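Participant: below: sequence and its predicted model.
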Amino acid sequence: MALSSFHNGRTISNIVGNDGLHRADVELISGKKRLATNAIVTVEQLFGRPGFSAAWFAIGTFEDCDGVGAAGDDIRIEIAAGCDATLFPAVDLTYTITAPDVAASQPEITVRDNIITALNADADFIKSWKAKDVQDNGIVVVESIHRAEIGDRIVAGDFKVTPTGTTTTTIAFDTVVRRGTETELVRSIDDPRQGILGITGSISIAPGAISNRITVDAMDGVISDMSVNGSVTPADYRIEADPVFDQFFTQIRLHGTDSGIRFQRFLGRNSILTNGLEFNIKSDDLPVELDSIFSTDDIKARFSSLGGFNLNVQSGNDHFLGIDDFGFITPVVIRKQGTFATDDFIQVRVQDNLSQVSDLFLTALGFKRVT
């Protein structure tokens, strides 16, 4: 139990045992007086569910990753199509082991890298997936670029890796889903930035000083207001790579004003859009897809499903704000200019006549880092 008293403007509590005789003492530790205890503290490992579906396989086994056989052997990777086979096509890629692969000092690492390169260059694969490695291991990770259920392939056999000859592989799962994983220090098996707990001194993408925070509007080169006529010549509004800084955007906001904003149409217009606002994002040299927007309903239910939607109906123009929040998944990363052959960017394309909309903006919020 605890006994309290008041002294010099402070409340003092003493913790005593049930017999009322034994009192807990304090020790001066690191400049602070702390409760003395010899109890063992148990830290429970949390389980998280990443926002992106993933699966992986090893060349050989996960214990040795030593499965490269002879030149001419094949490794075939197959991933089932999504609900719309046009938007999310099936993947069927075969990599053939070469003599240089076999002769490499670490054959499994060489083959891993070559498979990743081949997958990330495959037209069907990059519509839905990105391939990554696990450092110092012959493991290939396949991760969806689409958040939530869109990236799931839940039927057994939707993910297959088939070797030929003396080459061997081991898949962790035959489905691609958002798996519950122990967070420990990091959530992702190969990307510490996706973890819940930080790692002191080794990861430097968390926001630091307030001066590093940025708010950037998409612009057509001159203006940021997207209430223009793009029905004849589409108008592109972009957030470009910075010449010095890497930019990490945790939110993308679509906001503006219009008279009589309503649902089942686009803002204050009398109809939905014909062609829609089209988003095109290249982050860390990989595509990030967002659904096109045709109506106010799309802004609320699709664009803002992870961040929130707000509509203020008032005299004069109404104001709306839709937030796509990437902060708890992984930021949209726009690397500095020259990092890749084609710089990263965020783009929204206006393809309808929006000149009657009072004003419309796309704003990204995040922070910047020199790397």
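Facilitator: Cool, got the structure.
Participant: max-length helix in the protein?
Facilitator: Ordering each helix of the chain by length in residues (DSSP state H) puts helix 107-120 first.
Participant: convert the helix or strand that that helix is followed by to PDB, retaining C-alpha atoms only.
Facilitator: Toward the C-terminus, helix 107-120 is succeeded by strand 129-134 as the next helix or strand (DSSP states H and E). The C-alpha trace of strand 129-134 is given here as PDB (Å, rounded to 0.1, in the frame of the first residue of the first chain):
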ATOM      1  CA  TRP A 129       5.400  -5.700 -56.500                       C
ATOM      2  CA  LYS A 130       8.900  -4.700 -55.600                       C
ATOM      3  CA  ALA A 131      11.800  -7.200 -54.900                       C
ATOM      4  CA  LYS A 132      14.300  -6.600 -52.100                       C
ATOM      5  CA  ASP A 133      17.100  -8.400 -50.400                       C
ATOM      6  CA  VAL A 134      18.000  -9.400 -46.900                       C
END
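Participant: which residues touch the longest helix of the chain?
Facilitator: 59-60, 65-68, 75, 77, 91, 93, 95, 97, 100-101, 104, 125-126, 129-133, 136-140, 142, 286 (Cβ atoms under 8 Å, 6 or more residues apart in numbering). C-beta: built from backbone N, CA, C; applies to glycine.
Participant: if you set the cut-off to 6 Å instead, what comes out?
Facilitator: Surrounding helix 107-120, the residues in contact under the criterion Cβ atoms under 6 Å, 6 or more residues apart in numbering are 59, 65, 68, 95, 101, 104, 125, 131, 133, 138, 140.
Participant: any idea how far residue 112 is from the fourth one?
Facilitator: So the one you mean is residue 95. From residue 95 across to residue 112, the span is 10 Å (Cβ to Cβ, to the nearest Å).
Participant: those two: which is more packed in?
Facilitator: Ranked by neighbour count (other Cβ atoms under 10 Å), residue 95 and residue 112 place residue 112 first, with 24 against 20.
Participant: ok, and the closest non-adjacent residue to the more buried one?
Facilitator: Once flanking residues are discounted, residue 112 sits nearest to residue 138: 4.8 Å by Cβ to Cβ, 6 or more residues apart in numbering.
Participant: strand partners (parallel or antiparallel) of the host helix or strand of residue 309?
Facilitator: Under the assignment given by DSSP H and E, the secondary-structure element containing residue 309 is strand 308-312. Paired with strand 308-312 in the same sheet, following DSSP bridges, are strand 318-325 (antiparallel).
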